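Trainee: Any chance you can model this:
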Amino acid sequence: MSVIIIYFSTNLLNNKKVKTDNIINLKQSDDSIISSKYTDKPFILSIDLEKQNKFNKNNRIYDSKAHSGKFSSLISGEDSYSIIMQIKAEEIGIENLNKVSLSAWLYAFPFEDILDAVYVFSIEDTNHNSIFWKGISIYGENFETNKWFKISGLHNLSDITVLPEYIIKFYIWNRNDTEILVDDFYIVFGKENERRGNSVLVDLNKTAFQHTSNFNYPPFKTCFFKKENINNLDSIFLINHNNELIGNIKPDDLIIIGNFKSNNSGMNSIITAKSGKKLELYYFNPNESRFKKLIIDTEDYPLDYFFNKKIVVGNFDENHFDEILIIDYSNKKATLNKIIITDINNSSVCLLKTIWKSTIGKISNTKIDDSNKYISGNFYGNNKYELLIINNKGNYEFLEFSENKWNQITSTINNQIDEWNSNKNNIEFITGKFLKNYKKDVLLGIWEEKINKKYNFSIYKFNYADKEFISHFPDTQKSIGLIIGLDTLKPSDKFLIGNFDNDYQEELLRYNRDWRFDLKKLELNDTTYHILENIDFAGYTKNYNPKYYEILKLYTGNFIHPNKSSILTIARNCKKNNFDGKKCDEYVNYQNLPNSIQIYSPDN
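Mentor: Just a heads-up that it's a prediction; the model follows:
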């Protein structure tokens, strides 16, 4: 594929006359404007061509292929144009007209010569004289056809004077006889949004273009997760069926994911806890393509018992279903619990049954303490999970559950692992089958040194023969992984584990919201980690991309498919204008970016 991208502005192009029979006038009241109504800046236009009564001009709408939704704009023949969008400067706000970022998705049908198209942005006065004209050109031969690709760019408008009555236009100009489709125009005016949750002004990840990048340096390819149909009418309720509105799961609710339901074919269920209410279990019914709910009877546990506890999930007793270990730091006790579901009179009764209790403030030989780390994993590579307890000095006890008690596999007293020392490091652990050709869980540790404020990571595997955890990295690296590139793994990041491609190996997603949405797929190897691609969403209603929300909680599990993982998205905006991304006391439901809960799966 050979492509040349050019930014240009010439008198010849400025004087190019554009036919006016396919112009669409936009106003601030249009649904296509997704940001201006709930934040000061920037002003965002997002047009997906789905409103037929507005965009079907001179049969330029194409209904057989689209990047999102059903419709796109067909540009056929030399010197032809897409639908031309225009809006008055006063609708945007003069204060926002200092910068513009724009992108669109194009699709080229097979052609014999070259691809020659221009993404035009222009400003005209009331007499149609050109005040500003710039084009982003895409020009090349040997171009990959029959595939959507993104074109994007940025223009500085700070050196021109724009009056309120001036007209802003943007469109695609096809300069030869190639047939092209265009969809999903996205234009941002003004400075970057100060509020959290907004994506970058323009995504320069032109994934269909051939590019060469250094290891772990951008640009990265983009993988899209597509919205599943869970028949909840795009609402904040997981269940929206026959006037039943159930499952308004909020970002600060307690959420537990696991394989709890014995007749759900290996699919994961969602347990939620709200203050003053019983536990609820939600599972997806593929026959009805929607979620169902069960109330969990928690026997002797008080309603709010499960808050402020350490929850560890794993298949500890090898019965193919997960148990829930609840560790109560305040009262120095722990319980192992199983979900029991019984069908009685065509209805299901759900019980949280305790199968083990601590008696002397310990789990095996380790005292229950909030300075310990409690980690579950399938380190042996069978179907049974083990429990790893690491104290604040880096000593550990490794346990398995059998004969209704925790039994020690191995432990260290004087031989601690230094990087696991939480007195020195702020450390978090993640387990999963991350390594190629290794079908057991490994332990990924990510920490920040408390004194030097330096970030590091390690990978440990359990050596069954010697009954100890050993470093995956070579001795020359002193058990620490190399950090290459601009992205640094932090213990404050959220790491999502899932099998997104239906093989034995699990994939690792790193989710960071230090400033804006940043979700990447990583691969671990013998020395470091490799950033494979950015993760974005597709198939959402209108412009409701989950990454636009100020608060976005993500959870992974086999919610829809028994052998492929998906992402549960809980999306909210905060009513507080200067929300700092931490605690939100009250959510707000914007008309043009409504709160939602959805499931997204890899589009493969």
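Trainee: Kindly provide the distance from the residue nearest the centre of the chain to Leu509.
Mentor: The residue lying closest to the centre of the chain (C-alpha atoms, centre = their mean) is Leu519, at 5.4 Å. Distance of Leu519 to Leu509, given as C-beta to C-beta, to the nearest Å: 6 Å. The way it works is simple: take the backbone N, C-alpha and C, and place the C-beta from them, glycine included.
Trainee: what does Ser103 give?
Mentor: 24 Å.
Trainee: Distance of Tyr460 relative to Ser348?
Mentor: In terms of C-beta to C-beta, Tyr460 sits 41 Å off from Ser348.
Trainee: Compare neighbour counts for these two and give me the winner.
Mentor: Tyr460 (23 against 15; other C-beta atoms under 10 Å).
Trainee: Need the CA coordinates for the helix or strand encompassing that one. CSV is fine.
Mentor: Secondary structure from DSSP states H and E places Tyr460 in strand 455-463. The C-alpha trace of strand 455-463 is given here as CSV (Å, rounded to 0.1, in the frame of the first residue of the first chain):
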residue,chain,number,x,y,z
TYR,A,455,7.8,2.4,38.4
ASN,A,456,8.8,-1.2,37.8
PHE,A,457,7.2,-4.6,37.1
SER,A,458,8.0,-8.3,37.4
ILE,A,459,6.6,-11.6,36.3
TYR,A,460,6.8,-14.7,38.5
LYS,A,461,5.9,-18.4,37.8
PHE,A,462,5.4,-21.2,40.2
ASN,A,463,8.1,-23.9,40.0
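Trainee: Give the partner strands of it in its sheet and their orientations.
Mentor: Sheet pairing of strand 455-463 (DSSP bridges) gives strand 442-449 (antiparallel), strand 468-471 (antiparallel).
Trainee: and the residue lying closest to Asn545 once chain neighbours are set aside, how far is that from Asn232?
Mentor: Spatial nearest neighbour of Asn545, chain neighbours left out: Phe537 (5.4 Å); criterion: C-beta to C-beta, 6 or more residues apart in numbering. Distance, Phe537 to Asn232, by C-beta to C-beta: 16 Å.
Trainee: For this structure, which residues score under the pLDDT cut-off?
Mentor: By pLDDT under 70, the low-scoring segments of the chain are 1-22, 28-42, 50-59, 141-143, 191-213, 263-264.
Trainee: Where do the helices of it begin and end?
Mentor: 11-14, 52-55, 89-92 (DSSP state H).
Trainee: Mutual contacts of Leu519 and Leu509, please.
Mentor: Shared contacts of Leu519 and Leu509 (C-beta atoms under 8 Å, 6 or more residues apart in numbering): Ile535.
Trainee: contacting residues for the closest residue to Thr178 other than its chain neighbours?
Mentor: Nearest residue to Thr178, sequence neighbours excluded (C-beta to C-beta, 6+ apart): Phe111, at 4.3 Å. Residues near Phe111 by C-beta under 8 Å, 6+ apart: Phe143, Thr145, Asp177, Thr178, Glu179.
Trainee: And those residues, which is closest to Glu78?
Mentor: Nearest to Glu78 among these is Asp177, at 4.9 Å by C-beta to C-beta.
Trainee: returning to what we had before: which one, of the strands paired with strand 455-463, ends up nearest to Val118?
Mentor: strand 442-449 (45.6 Å).
Trainee: Can you name the residues in contact with the closest one?
Mentor: Identification of contacts with strand 442-449 by C-beta under 8 Å, 6+ apart yields 375, 377, 379, 388, 419-420, 424-435, 454-461, 469, 472, 489-491, 493, 495, 508, 524.
Trainee: Distance from the chain centre to it, please.
Mentor: Relative to the centre of its chain, strand 442-449 is centred 22 Å away, using C-alpha atoms, centre = their mean, to the nearest Å.
Trainee: With stretch 236-247 instead?
Mentor: Put simply, stretch 236-247 sits 23 Å off its chain's centre (C-alpha atoms, centre = their mean).
Trainee: residues of it that come out buried?
Mentor: Ile236, Phe237, Leu238, Ile239, Asn240, Gly247 (16 or more other C-beta atoms under 10 Å).
Trainee: Same question for stretch 269-277.
Mentor: Under 16+ other C-beta under 10 Å, the buried positions of stretch 269-277 are Ser269, Ile270, Ile271, Thr272, Ala273, Lys274.
Trainee: what's the span of that stretch from first residue to last?
Mentor: Stretch 269-277 has an end-to-end distance of 18 Å (C-alpha to C-alpha, to the nearest Å).
Trainee: ok, and what's touching that stretch?
Mentor: Residues from elsewhere that reach stretch 269-277, judged by C-beta under 8 Å, 6+ apart: 238, 247, 249, 253-261, 279-283, 296, 303-304, 306-307, 555, 557, 559, 568.
Trainee: Can you flag the buried ones in those residues?
Mentor: Buried, going by 16+ other C-beta under 10 Å: 238, 247, 249, 253-261, 279-283, 296, 306, 555, 557, 559, 568, out of these.
Trainee: Out of these, which sit inside strands?
Mentor: 254-258, 280-283, 296, 555, 557, 559, 568 (DSSP state E).
Trainee: Which of these sits closest to Trp515?
Mentor: Among these, Tyr555 lies closest to Trp515 (C-beta to C-beta), at 22.1 Å.
Trainee: Please name the nearest non-neighbouring residue to the closest one.
Mentor: Take Tyr555 and drop its neighbours on the chain: the residue closest to it by C-beta to C-beta, 6+ apart is Leu568, 4.3 Å away.
Trainee: Same check on Phe579?
Mentor: Glu550 (5.8 Å).
Trainee: Over to His561?
Mentor: Counting by C-beta to C-beta, 6+ apart, the residue nearest His561 is Ser601, at 6.9 Å.
Trainee: What is the neighbour count of Pro302?
Mentor: Going by other C-beta under 10 Å, the residues that sit close to Pro302 add up to 7.
Trainee: what's the spacing between it and Lys309?
Mentor: 12 Å.
Trainee: Please apply the same query to Lys436.
Mentor: From Lys436 to Lys309 the distance is 36 Å (C-beta to C-beta).
Trainee: wait, what's in contact with the residue nearest to the centre of the chain?
Mentor: Leu509, Arg510, Tyr511, Asn512, Asn534, Ile535, Asp536, Lys547, Leu554.
Trainee: ok, what's across the strand from it?
Mentor: The partner residues for Leu519, given DSSP bridges, come to Tyr511.
Trainee: measure it to Lys436 for me?
Mentor: Counting by C-beta to C-beta, the gap from Leu519 to Lys436 is 22 Å.
Trainee: What of Gly153?
Mentor: 38 Å.
Trainee: Looking at these two, which one has more neighbours?
Mentor: Gly153 (19 against 11).
Trainee: Setting aside sequence neighbours, what's the nearest residue to that one?
Mentor: Using C-beta to C-beta, 6+ apart, the closest residue to Gly153 is Ile136 (4.2 Å).
Trainee: Count the neighbours of Leu388 for me.
Mentor: Each residue near Leu388 was counted by other C-beta under 10 Å, and the total is 23.
Trainee: Correct me if wrong: it contacts Glu400.
Mentor: No - in this structure Leu388 lies outside contact range of Glu400 using C-beta atoms under 8 Å: 10.5 Å.
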